[in-house]
Each structure stands twice: as C-alpha cells, then as structure tokens.
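Visitor: Predicted coordinates and the sequence they were generated for:
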Amino acid sequence: MKSGNVRQVHCPTCQTMVVWTHSNKYRPFCSARCKLIDLGDWATEKRIIAGEPVYPDVGEDSKNVL
Ligand SMILES: [Zn+2]
C-alpha cells in the first residue's frame, strides 16, 4: 500500500481543505455542520413553489351586443 497519495478536497460549504479518508465520515464536508448547511441549501433550492394557474376574468365581458 502506498500512503503518499493523500487525497484532499475542498469542503463545498466553507472551502476548507478536507483530507479524504475513510475516517472522515462527513467527506467531502469538513464537519457535520457544513454537511447540514449544504443539505439545507439543497432542500431550499429544490422546493419549488408552483404558482396557482391564473384564469382569465370572464364575467362582465358579454356587453358586445349590437
Ligand atoms: Zn466546511
């Protein structure tokens, strides 16, 4: 086994260099806090609120009588 290649990644939340190891269960995040923050942002972005369909106001529009 070679131990010279230490893979490092940037934490997606705070950009801190994180060593990618099996002991780091929060990878690619640096901590549980950053992981929760990222998941929170993701959930917020995905929560698309669809607007209600707008129906034309049909009512007093029948006064075009000759
Ligand atoms: Zn972080």
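Guide: On my side now, so go ahead. Keep in mind that this is a model prediction, so the values were computed, not measured. Numbering: from 1, shown residues only.

Visitor: Please report how far Lys25 lies from the ion.
Guide: Noted for Lys25: a distance of 14 Å to the ion, by C-beta to the ion, to the nearest Å. C-betas here are computed from N, CA, C, even on glycine.

Visitor: likewise His10?
Guide: Distance from His10 to the ion, by C-beta to the ion: 9 Å.

Visitor: One more: Gln8?
Guide: Distance check for Gln8 against the ion: by C-beta to the ion, it reads 13 Å.

Visitor: got it, and Cys30?
Guide: 4 Å.

Visitor: what about the closest residue to Thr16 other than its chain neighbours, neighbour count?
Guide: Computed as C-beta to C-beta, 6 or more residues apart in numbering, the closest residue to Thr16 that is not its neighbour in sequence is Cys30, at 4.6 Å. Residues lying near Cys30 (other C-beta atoms under 10 Å) number 21.

Visitor: got a list of what Cys30 touches?
Guide: 11, 13-14, 16, 18 (C-beta atoms under 8 Å, 6 or more residues apart in numbering).

Visitor: Can you lay out those as JSON lines showing neighbour count, distance to Ile37 and pLDDT?
Guide: Converted to JSON lines, those look like this (neighbours: other C-beta atoms under 10 Å; distance: C-beta to C-beta, whole Å; pLDDT from 0 to 100):
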{"residue": "Cys11", "neighbour count": "18", "distance to Ile37": "10", "pLDDT": "95"}
{"residue": "Thr13", "neighbour count": "19", "distance to Ile37": "5", "pLDDT": "93"}
{"residue": "Cys14", "neighbour count": "14", "distance to Ile37": "8", "pLDDT": "96"}
{"residue": "Thr16", "neighbour count": "12", "distance to Ile37": "13", "pLDDT": "96"}
{"residue": "Val18", "neighbour count": "21", "distance to Ile37": "14", "pLDDT": "94"}
